[in-house]
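Engineer: what follows is a predicted structure for the sequence shown.
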Amino acid sequence: MRETHPYNLIVLLGPTASGKTKLAAQLAYDLGSEIISGDSRQVYRGMDLGTGKDLEEFTVEGKKIPYHLIDIIDPTEDFSVYDYQRLFYKCFQEIASRGIIPILVGGSGLYIDCVLRGYQMPKAPINGNLRMELEKLDLVELRNRLLSVKTALHNTTDLLDRERIIRAIEIALAPENEELSRPYLNPFVVGVRWKRDVLRQRITERLKKRLEAGMVEEVENLHKKGLSFERLKYFGLEYRFIALYLEGQLTYKEMFEQLKTKIHQFAKRQETWFRRMERLGVKIHWLDEPRYEELRALVFKALYGNTSYC
């Protein structure tokens with residue numbers, strides 16, 4: 001007989017460089033659990049240092065912790081929030097069917113938010129052929145085309161902006177999204193946070209270590225394998241600024257300083273998103289400058305009613 005718990009998903013979220021991956025792996029070891037990544041870039045193969053996969057942290061006491069939604073597509077392929085939502089639900093159901101409570105860990109607020117609150121994400125990829133056709137039309141012709149495929153317009157600004165009209169036509173003509181089978185989720189959400197100056201120092205030290213470990217060479221190798229600099233810049237942060245350095249547009253020092261600043265700003269935006277999630281009803285149990293013992297006690301109490309259950 002399977003044991004029942006008040007929660008069927010543990011979520012560990014936090015800004016970049018907050019140490020959440022290592023904490024989640026230790027927790028998975030103690031719970032006999034598996035990790036689902038909640039990171040928008042870790043899905044890509046070959047993008048390791050720049051996305052902070054830290055795969056070595058998934059080995060605890062000599063045991064490899066199973067992880068999911070990491071290294072699942074090539075960086076030449078597009079991957080949307082809709083794709084993540086679909087794969088997460090499938091992954092969650094498979095793990096839960098084995099009587100395991102998964103641990104979702106990451107810092108991509110939109111990705112985590114979309115699965116926890118279950119809002120419908122439209123899937124309408126860029127249609128190059130359609131856009132070539134639409135670019136030949138003037139504004140009046142575009143409006144008429146939109147009205148012919150989308151008779152009920154609730155937002156009149158669709159008719160005032162050329163790019164928005166084209167995108168609206170693209171969405172209207174895209175194949176209907178498959179209806180996602182959303183499983184019942186009752187998550188226990190834990191957030192990790194640090195004082196701003198401490199987090200900034202952690203980010204800076206982590207960036208130095210990754211550069212020393214070969215992050216520039218990682219980006220260089222991706223380019224040699226066929227990824228254009230423009231495509232690399234699309235992935236943002238580390239890939240964008242190292243691509244600019246490799247193109248000769250930045251010196252190494254400029255690259256480091258600008259990238260450091262952008263990651264600091266990114267961490268601040270992550271924290272803003274998490275606060276937004278709270279305002280929209282997601283209960284987050286915060287741990288300040290967390291130690292693993294604190295996390296373990298909090299989660300075990302939530303699951304078992306005490307902190308010493310084994």
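Structural biologist: That came through, no problem. The shown structure was predicted, so the numbers you read here are calculated from the model rather than taken from an experiment.

Engineer: following the longest strand anywhere in the chain, which helix or strand shows up next?
Structural biologist: Longest among the strand segments of the chain by residue count, using DSSP state E, is strand 187-193. Using DSSP states H and E, the helix or strand that follows strand 187-193 in sequence is helix 196-212.

Engineer: quick one: average pLDDT of stretch 172-185?
Structural biologist: Mean pLDDT, computed over stretch 172-185, is 75.

Engineer: sorry, back to before: got the CA positions of the longest strand of the chain in CSV?
Structural biologist: Only the C-alpha atoms of strand 187-193 are listed here, as CSV (Å, rounded to 0.1, in the frame of the first residue of the first chain):
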residue,chain,number,x,y,z
PRO,A,187,3.0,21.6,-4.4
PHE,A,188,5.1,22.5,-1.3
VAL,A,189,7.1,25.4,-2.5
VAL,A,190,10.4,26.4,-0.8
GLY,A,191,12.4,29.5,-1.8
VAL,A,192,16.0,30.1,-1.1
ARG,A,193,17.4,33.7,-0.8
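
Engineer: what strands line up against it, and which way round?
Structural biologist: Note on strand 187-193: by DSSP bridges, its sheet partners are strand 9-13 (parallel), strand 284-288 (parallel).

Engineer: how far does the helix or strand of the chain with the lowest mean pLDDT sit from its chain's centre?
Structural biologist: When the helices and strands of the chain are scored by mean pLDDT, DSSP states H and E, helix 162-173 comes last with a mean of 76. Relative to the chain's own centre, helix 162-173 is displaced by 26 Å; criterion: C-alpha atoms, centre = their mean, to the nearest Å.

Engineer: tell me how far Ser18 lies from Gly214.
Structural biologist: According to C-beta to C-beta, to the nearest Å, Ser18 stands 23 Å off from Gly214. Backbone N, C-alpha and C define where each C-beta goes, glycine included.

Engineer: actually Phe266, sorry about that
Structural biologist: Per C-beta to C-beta, Phe266 is found 22 Å from Gly214.

Engineer: looking at these two, which one has more neighbours?
Structural biologist: For Phe266 versus Gly214, neighbours defined as other C-beta atoms under 10 Å are more numerous around Phe266 (16 against 13).
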